[in-house]
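S.K.: only geometry, no sequence info:
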């Protein structure tokens, strides 16, 4: 009898163990269908909600966004597995931030992107920019360099030749005929600076988030491919199903129809090369 009890006891333990494993497997599957995407204030949270999430939800995912107030925390949160992906940054920033902070993050796919705009509450044309004017630009390394390149293209300054795109600063200006005073400040604060500076070079997401109309910019930046925003994930997750499904969603006709809707804000965004090639 004691042997029978022992056998039954072992069988019961095994049955319970298998039940726990089965429940664990089901929980993992559910978790993998819950995607949290980090964004910053501006249009990319709307892009996730309006143009990406509905497609993923049809595949059985539950998609939510988590908004961060700066360009630092979304990548740290991604690396720490607090979120599953993010959409707020271009490739150059992603690569530099990952290298500087020893993070293993990778782009999944680029998306339509709003470029920087030069805005002003004081002048109507760059031709009217006075000597010694104050010019606010983003203070994070890659966008600072990008803003200087933008100012150079508009003939306002010249910077050193062959400068590293991720390291140029106001110290690399070699010609400044108007004696412009370059004021690097946090990107999120640039729209608020317009009452105190003559012009500000504002990144597209913060321009839109603050209510600035890109069509009212004195000048709009033409973006290179490396400055198109990307969906990023942990490098270890690049081959996971959810990352592949995000890529497939962005490449879909449904995503394109949403982006090009006449009623939306994305139609005027600059499109990645892959997007244009599929027309």
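M.R.: Good, I have the coordinates. Small disclaimer: the values here were computed from a predicted structure and weren't measured.

S.K.: which parts of the helix or strand containing residue 149 are buried?
M.R.: Following DSSP states H and E, one finds residue 149 within helix 141-153. When burial is assessed from 16 or more other Cβ atoms under 10 Å, helix 141-153 yields the following buried residues: 141, 142, 143, 144, 145, 146, 147, 148, 149, 150, 151. Yep, even glycine has a C-beta here, placed from its N, CA and C like the rest.

S.K.: Same question for stretch 97-108.
M.R.: Taking 16+ other Cβ under 10 Å as the criterion, stretch 97-108 shows 97, 98, 103, 105, 106, 107, 108 as buried.

S.K.: In contact with residue 118, which residues?
M.R.: Applying Cβ atoms under 8 Å, 6 or more residues apart in numbering, we find residue 118 in contact with 126, 150, 154, 199, 200, 201, 202, 217, 218, 219, 220.

S.K.: so residue 133 touches residue 199, yeah?
M.R.: Yes: taking Cβ atoms under 8 Å as the contact criterion, residue 133 and residue 199 are neighbours in contact, 6.8 Å apart.

S.K.: Among these two, which residue is more densely surrounded?
M.R.: Just comparing residue 133 and residue 199: by other Cβ atoms under 10 Å the higher neighbour count belongs to residue 199, 26 against 19.

S.K.: Not counting sequence-adjacent ones, nearest residue to that one?
M.R.: Excluding the flanking residues, the one nearest residue 199 by Cβ to Cβ, 6 or more residues apart in numbering is residue 120, at 4.5 Å.

S.K.: got the contact list for that neighbour?
M.R.: Contact criterion Cβ under 8 Å, 6+ apart gives 194, 198, 199, 200, 218 as the residues in contact with residue 120.

S.K.: Just send the residues you listed back as TSV, with pLDDT, distance to residue 113 and secondary structure too.
M.R.: Output for the contacts of residue 120, formatted as TSV (pLDDT from 0 to 100; distance: Cβ to Cβ, whole Å; DSSP: H, G, I helix; E, B strand; the rest coil):
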residue	pLDDT	distance to residue 113	secondary structure
194	98	22	helix
198	98	26	coil
199	98	22	strand
200	98	19	strand
218	97	20	coil
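
S.K.: which of those residues tops the neighbour count?
M.R.: Across the contacts of residue 120, the neighbour count under other Cβ under 10 Å reaches its highest value at residue 200, namely 29 neighbours.

S.K.: Okay, and the beta partners of that residue?
M.R.: According to DSSP bridges, the residues that bridge with residue 200 are residue 119, residue 136.

S.K.: quick one: it and residue 192 touch, right?
M.R.: No: Residue 200 is beyond contact range of residue 192, at 9.1 Å (criterion: Cβ under 8 Å).

S.K.: other SSEs contacting the helix holding residue 149?
M.R.: Judged by 3 or more Cβ pairs under 8 Å, 6 or more residues apart in numbering; DSSP states H and E, the packing partners of helix 141-153 are helix 91-100, strand 134-138, strand 158-159, strand 199-202.

S.K.: and the angle from that helix to helix 91-100?
M.R.: Orientation check (axes from the mean of the first three to the mean of the last three Cα atoms, to 10 degrees): helix 141-153 against helix 91-100 gives 140 degrees.

S.K.: any idea of the angle helix 141-153 forms with strand 134-138?
M.R.: Computed by the same axes, to 10 degrees, the angle between helix 141-153 and strand 134-138 is 140 degrees.

S.K.: Just the mean pLDDT for helix 141-153, thanks.
M.R.: Over the span of helix 141-153, the pLDDT mean works out to 91.

S.K.: Give me the contacts around it.
M.R.: The set of residues that contact helix 141-153 without belonging to it, under Cβ under 8 Å, 6+ apart, is 71, 90, 92-93, 96, 116, 118, 135, 137-138, 157-159, 163-170, 172-173, 182, 184, 187, 201, 203, 219, 221, 227.

S.K.: hmm, back to that, and the buried residues of stretch 97-108, which is closest to residue 178?
M.R.: Nearest to residue 178 out of the buried residues of stretch 97-108 is residue 97 (Cβ to Cβ; 32.4 Å).

S.K.: Distance-wise, check that closest one relative to residue 220.
M.R.: Note on residue 97: its distance to residue 220, by Cβ to Cβ, to the nearest Å, is 25 Å.
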